[in-house]
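Q: Any chance you could fold what I've pasted below:
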Amino acid sequence: METSPARPPHRLDPAGGCPHTVNARLLAGGAVAPVELPGGIEGMAVLGHEALKEFLQHPEVAKNARHFTDLREGRIPAGWPLLTFATVPGMTTADGEDHRRLRSLAGRAFTPRRVEQLRPRIEELTAALLDDLAAAAKDADGVADLRRHFALPLPMGVICELLGVGTEFRDRLHHLSNQVVATDIEPAEAVAANRELVAVLGEIAAAKAAAPADDLTSALIAARDEDGDRLGHQELIGTLLLMIVAGHETTLNLITNAVRALCAHRDQLDLVRAGEATWAGVVEETLRWDAPVSYFPFRYPVRDLTVDGTLIPAGTPVLAGYSAAGRDPAAHGPDADRFDVTRPARPGAVRHLSLGHGAHYCLGAPLARLEAGIALERLFTRFPDLEPAAPEAGLAPHAGFVGNSVRTLPVRLAPAGSPGA
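A: Presented below is the predicted three-dimensional model:
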């Protein structure tokens, strides 16, 4: 296959921003684009739906950072903001049998059956948080930050309860998680945040080892695979880090983005209320249309690969462009940038790739879908007139180019001047 002529790399803005305009421009030039990562590191981003689907399940694409040429040859500094993504021990940086072992030990808590058993607790927590949201709005002239008072504490509460993490750790873990995934953080801050997060998780793990309880952390400490292997200490810490960061940041962005989309497309919300669409459909269309993760690091070809006509040299750090793939016109048609909760699934096709594909498909996907579906249904049932309290253009975007959302989402729960406002 002929390779496409080289095009200049796109410099990814470490401060982030709404990705969709840039994505459309990059996609117009091809499904795979060269990018410049922080620190001038050369990388690639796979943006097209079909190209990304192929790349995510390619047998000669690895996750282990020993294949990352610049890291292996000493060109990545200790405070590089994306270093944790490359080096954290655990299933996101493991391949083959090692990956299967780690995933099987953790995956027992995330089967569809076990997740469904969490429904009553998620509903209970959602109801309590809606009360908190109403109270926050009452104290602030009818306006409250939905992200802070609802979209964040719901998934954080659920994953921390699963892991047996006490409430006293939760604000600190969210703050450190934000720093770990930020791409605009200073090197010294990145190093300090990683050290502190590992220390906090080590403290939690040590407490569970000394006094096991009925929670996932205790189960991970005790678990053995079929060959009797247990998680090593670093693997345990890496697994806890992954579950806490991915277990709340992604769902936080998903809920936030879905609320924004529905408020901006009232006709779509009306379809759901009329029974012509489902809340599950809202979740799936949000995942496609405004993916909670924009560019996810990293995968590395173990040999030179040509993907959709573009050469990706062996050892290149490659980003999965989920937000771009979700609006790829080649896969989703000329109206790919239209939010449509009734959008039919293409026969035999994957609707979106925003939760991954292949062996590394998101372990917590059933939980994220359940949480988001319950959250949206209960939110708009309790507050049917909910509306943004600030223009979309005025909302500050999420820091960094990995996550995709806004930093705050001020909402008015009832029309101004009404008794519930």
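Q: Could you use CA atoms for every contact and neighbour count after this?
A: Will do.
Q: Quick check: P317 vs W80, distance?
A: Using CA to CA, to the nearest Å, one obtains 14 Å as the distance from P317 to W80.
Q: scratch that, L254 is what I was asking about
A: On the measure of CA to CA, L254 and W80 end up 27 Å apart.
Q: rewinding a little: with neighbour numbers in mind, choose between P317 and W80.
A: Taking other CA atoms under 10 Å, P317 and W80 do not tie; P317 has more neighbours (27 against 18).
Q: how near is the more buried one to A274?
A: On the measure of CA to CA, P317 and A274 end up 46 Å apart.
Q: where does the residue nearest to the spatial centre of the chain fall, phi/psi-wise?
A: Using CA atoms, centre = their mean, the residue of the chain that lies closest to the mean C-alpha position is T250, 3.2 Å off. The phi/psi pair for T250 (degrees, to the nearest 10) reads phi -70, psi -50.
Q: show me what contacts the residue lying closest to it once chain neighbours are set aside?
A: In space, and not counting its chain neighbours, T250 is closest to P292: 5.6 Å by CA to CA, 6 or more residues apart in numbering. Applying CA atoms under 8 Å, 6 or more residues apart in numbering to P292 gives the contacts T250, T251, N253, L254, N257, S323, S354, G403, N404, S405.
Q: Give the helix, strand or coil label for A33.
A: State at A33, reduced to three classes by DSSP: H, G, I helix; E, B strand; the rest coil: strand.
Q: I figured it hits L47, correct?
A: Yes - with contact defined as CA atoms under 8 Å, A33 reaches L47; the gap is 7.4 Å.
Q: These two: which has the busier surroundings?
A: Ranked by neighbour count (other CA under 10 Å), A33 and L47 place L47 first, with 29 against 25.
Q: what's the distance between that one and F55?
A: 10 Å.
Q: before we move on, what about H360?
A: Counting by CA to CA - H360 and F55 are separated by 12 Å.
Q: When the two are compared, which one has more neighbours?
A: F55 (23 against 19).
Q: now the more buried one: how far from K208?
A: In terms of CA to CA, F55 sits 39 Å off from K208.
Q: before we move on, what about L367?
A: In terms of CA to CA, L367 sits 23 Å off from K208.
Q: Tell me which of those two has more neighbours.
A: L367 (24 against 21).
Q: Now the more buried one. Nearest residue, chain neighbours left out?
A: Per CA to CA, 6+ apart, closest to L367 is V115, 5.8 Å.
Q: which element is that neighbour on?
A: helix 112-116 (DSSP states H and E).
Q: residues of that helix that come out buried?
A: When neighbours are counted by 16 or more other CA atoms under 10 Å, the buried residues of helix 112-116 are found to be V115.
Q: quick one: average confidence on it?
A: Taken as a whole, helix 112-116 has a mean pLDDT of 86.
Q: One more: stretch 190-197?
A: Stretch 190-197 comes out at a mean pLDDT of 90.
Q: residues in contact with it?
A: Taking CA under 8 Å, 6+ apart as the rule, stretch 190-197 contacts A78, G79, W80, P81, T84, L173, L176, S177, Q179, V180, L241.
Q: Centre of the chain to that stretch, how far?
A: 20 Å (CA atoms, centre = their mean, to the nearest Å).
Q: buried stuff in that stretch?
A: So for stretch 190-197, counting by 16+ other CA under 10 Å, buried means A190, V191, A193, N194, L197.
Q: and if you look at stretch 147-166?
A: Those buried within stretch 147-166 under the rule 16+ other CA under 10 Å are 147-160, 162-165.
Q: Stretch 47-63 now?
A: Here stretch 47-63 shows 47-57, 61-63 as buried, counting by 16+ other CA under 10 Å.
Q: out of these, who's nearest P344?
A: Of all the buried residues of stretch 47-63, P344 sits closest to H49, with 16.5 Å by CA to CA.
Q: burial measure for the closest residue to that closest one other than its chain neighbours, as a count.
A: Nearest residue to H49 in three dimensions, chain neighbours excluded: A325, at 4.4 Å (CA to CA, 6+ apart). Residues lying near A325 (other CA under 10 Å) number 32.
Q: go on, D171?
A: 12.
Q: just checking, what packs against the helix or strand hosting it?
A: Here D171 sits within helix 170-181, counting by DSSP H and E. When contacts are defined as 3 or more CA pairs under 8 Å, 6 or more residues apart in numbering; DSSP states H and E, helix 170-181 sits against helix 153-163, helix 187-210, helix 233-264.
Q: Low-confidence regions, the stretch 151-300 of the chain specifically.
A: 224-229 (pLDDT under 70).
Q: 90 instead, please
A: Applying pLDDT under 90 to the stretch 151-300 of the chain flags residues 166-167, 170-171, 174-187, 190-191, 193-194, 214-216, 219-236, 238-239, 241-248.
Q: follow-up on the earlier one: hang on, the residue nearest to L367 packs against A109?
A: Yes - the criterion here is CA under 8 Å, and V115 meets it with A109 at 7.5 Å.
Q: Need the overlap of contacts for the two.
A: With the criterion set as CA under 8 Å, 6+ apart, the contacts of V115 and A109 do not overlap.
Q: Looking at the buried residues of stretch 190-197, which one is closest to L26?
A: Using CA to CA, the buried residues of stretch 190-197 come closest to L26 at A190, 29.1 Å.
Q: which residue ranges form the helices in the stretch 1-150 of the chain?
A: 20-28, 49-56, 69-72, 83-87, 96-107, 112-116, 119-138, 146 (DSSP state H, counting those that start in this stretch).
Q: got the contact list for the last one?
A: When contacts are taken as CA under 8 Å, 6+ apart, the neighbours of helix 146 outside the stretch itself are L133, T256, T408, L409, P410, V411.
Q: List the residues that contact the nearest residue to D132 once chain neighbours are set aside.
A: Spatially, and ignoring its direct neighbours in sequence, D132 is nearest to H149 (6.8 Å; CA to CA, 6+ apart). By CA under 8 Å, 6+ apart, the contact set of H149 is L129, D132, L133, A136.
Q: Thanks a lot, catch you later.
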